[in-house]
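Asks: Have a look; sequence and predicted model below, questions after that.
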Amino acid sequence: MRVYRTAPTRAFTTFSNALLRDATISWCAVGLLAYLVSLPNGAKASIRKLSDQRKEGRDRIGAALRELEEARYLRRLTRRDRMGQLRTEYEVFDTPYDPEASHPGPAAAPAAGPAAAPVPETAGNPASGDPDHGAPGPLPPGEKTGVKEPPSPAARLLTSLGRSDPRLALGEGEAERLRTLVEEWWAVGASDALIREALTSGLPARVHAPAALVADRLRRKKPAPRPTAPVRPECGVCGAPVPEGASCTRCAPATPAVAGFVAAALRGGASVRQVLRRRR
């Protein structure tokens, strides 16, 4: 491969090769980070605005933002403005920041220039992949800022699909809405491996709506309940199998005729055994 480069004199951003070659994040996340780092201080970004500028949908943009947050290229901050409304802001870093430090260290400090300030998220929540619905309102009394309920096991299974195949990247909100379909599979005895196989095999080259595809496959491919073995009638006293509607001959009270037949059968059996022993 031969690479031709130009020498820009204005409106350019410098990146470290380590950022562009970080294999822990997807190509989509790398491209999104490069764009966010190139923005000027105080720029406003939302999932809707970012998805409108490129062909990736809101789900892919939300998944890429979560990747950057997990890799410590992006940090979410929740602040209350002068009107008492909560605002979610993102600090963007061109190298992973130190989570133990009270503020970014020299190695992880924002680069001077266009990417030095946080990128405010004024509509929606990129970390959850939710659509833009305007700025959130004041918190109810007693609710803590930034505290989220842990995802359900079914939601964790669905969000993990995007790590193995970016085409199935789902937001936390989408996964929670689909968790009942996964629980229906578990109820009929399906394993996690069977669910993953049903959702990831034979995917089209491009998936435009991952949540809709996952929901359709979960409904359409759900296996039938496992057949239960027929219950064999048993004697309530000794547990011996008995025919349907009959009683146990050993435990039920025997009539004189039945008792005589049983006694004769036992005597006959004893006689046969005695003859066989003599022949030996």
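Replies: Good, I have the coordinates.

Asks: what about this structure, any weak spots by pLDDT?
Replies: Confidence mapping of the chain against pLDDT under 70 gives the ranges 4, 8-9, 100-148, 227-232, 235-239, 242, 244-260, 262, 280.

Asks: Which parts of it are helices?
Replies: Secondary structure of the chain by DSSP state H: the helices cover 17-20, 27-38, 47-53, 58-70, 153-159, 161-164, 172-187, 192-200, 210-220, 256-279.

Asks: For the third one, what is the distance to the chain centroid?
Replies: I take that to be helix 47-53. Once both centres are worked out by CA atoms, centre = their mean, to the nearest Å, helix 47-53 turns out to sit 24 Å from its chain's centre.

Asks: follow-up on the earlier one: winner for burial among the helices of the chain?
Replies: helix 58-70 (a mean of 23; mean count of other CB atoms under 10 Å). Quick note: C-beta positions are derived from backbone N, CA and C, even for glycine.

Asks: and the angle from that one to helix 172-187?
Replies: 100 degrees (axes from the mean of the first three to the mean of the last three CA atoms, to 10 degrees).

Asks: got a list of what the closest residue to Glu174 other than its chain neighbours touches?
Replies: Excluding the flanking residues, the one nearest Glu174 by CB to CB, 6 or more residues apart in numbering is Ala211, at 4.3 Å. Taking CB atoms under 8 Å, 6 or more residues apart in numbering, we find Ala211 in contact with 59, 170-171, 174, 177-178.

Asks: Let's have these in JSON lines, adding distance to Leu65.
Replies: Listed next are these as JSON lines, based on distance: CB to CB, whole Å:
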{"residue": "Asp59", "distance to Leu65": "11"}
{"residue": "Leu170", "distance to Leu65": "13"}
{"residue": "Gly171", "distance to Leu65": "10"}
{"residue": "Glu174", "distance to Leu65": "14"}
{"residue": "Arg177", "distance to Leu65": "19"}
{"residue": "Leu178", "distance to Leu65": "20"}
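
Asks: Of those residues, which is the nearest to Ser201?
Replies: Ser201 lies nearest to Leu170 out of the contacts of Ala211, by CB to CB, at 17.3 Å.

Asks: my guess is the closest one meets Leu157, correct?
Replies: No. Counting by CB atoms under 8 Å, Leu170 does not reach Leu157; the two are 10.3 Å apart.

Asks: rewinding a little: and the residue nearest to Glu174, how far from Arg196?
Replies: 16 Å (CB to CB, to the nearest Å).

Asks: hang on, the earlier thing: out of the helices of the chain, which comes closest to Ala240?
Replies: Using CB to CB and comparing the helices of the chain, the one that lies nearest Ala240 is helix 256-279, at 14.9 Å.

Asks: packing partners for the closest one?
Replies: Packing partners of helix 256-279 (3 or more CB pairs under 8 Å, 6 or more residues apart in numbering; DSSP states H and E): none among the helices and strands.

Asks: May I have that helix exported as PDB, CA atoms only?
Replies: C-alpha atoms of helix 256-279 as PDB (Å, rounded to 0.1, in the frame of the first residue of the first chain):
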ATOM      1  CA  PRO A 256     -61.000 -64.600  48.800                       C
ATOM      2  CA  ALA A 257     -60.900 -65.700  45.200                       C
ATOM      3  CA  VAL A 258     -57.900 -63.400  44.400                       C
ATOM      4  CA  ALA A 259     -56.200 -64.500  47.600                       C
ATOM      5  CA  GLY A 260     -56.600 -68.200  46.800                       C
ATOM      6  CA  PHE A 261     -55.200 -67.600  43.300                       C
ATOM      7  CA  VAL A 262     -52.100 -65.700  44.700                       C
ATOM      8  CA  ALA A 263     -51.500 -68.500  47.200                       C
ATOM      9  CA  ALA A 264     -51.700 -71.200  44.600                       C
ATOM     10  CA  ALA A 265     -49.300 -69.300  42.300                       C
ATOM     11  CA  LEU A 266     -46.800 -68.900  45.200                       C
ATOM     12  CA  ARG A 267     -47.000 -72.600  46.000                       C
ATOM     13  CA  GLY A 268     -46.500 -73.500  42.300                       C
ATOM     14  CA  GLY A 269     -43.500 -71.300  42.100                       C
ATOM     15  CA  ALA A 270     -42.000 -72.900  45.200                       C
ATOM     16  CA  SER A 271     -42.500 -76.400  43.800                       C
ATOM     17  CA  VAL A 272     -40.800 -75.500  40.500                       C
ATOM     18  CA  ARG A 273     -37.800 -74.100  42.300                       C
ATOM     19  CA  GLN A 274     -37.600 -77.200  44.400                       C
ATOM     20  CA  VAL A 275     -37.600 -79.500  41.300                       C
ATOM     21  CA  LEU A 276     -34.900 -77.500  39.700                       C
ATOM     22  CA  ARG A 277     -32.700 -77.700  42.700                       C
ATOM     23  CA  ARG A 278     -33.000 -81.500  42.800                       C
ATOM     24  CA  ARG A 279     -32.000 -81.800  39.100                       C
END
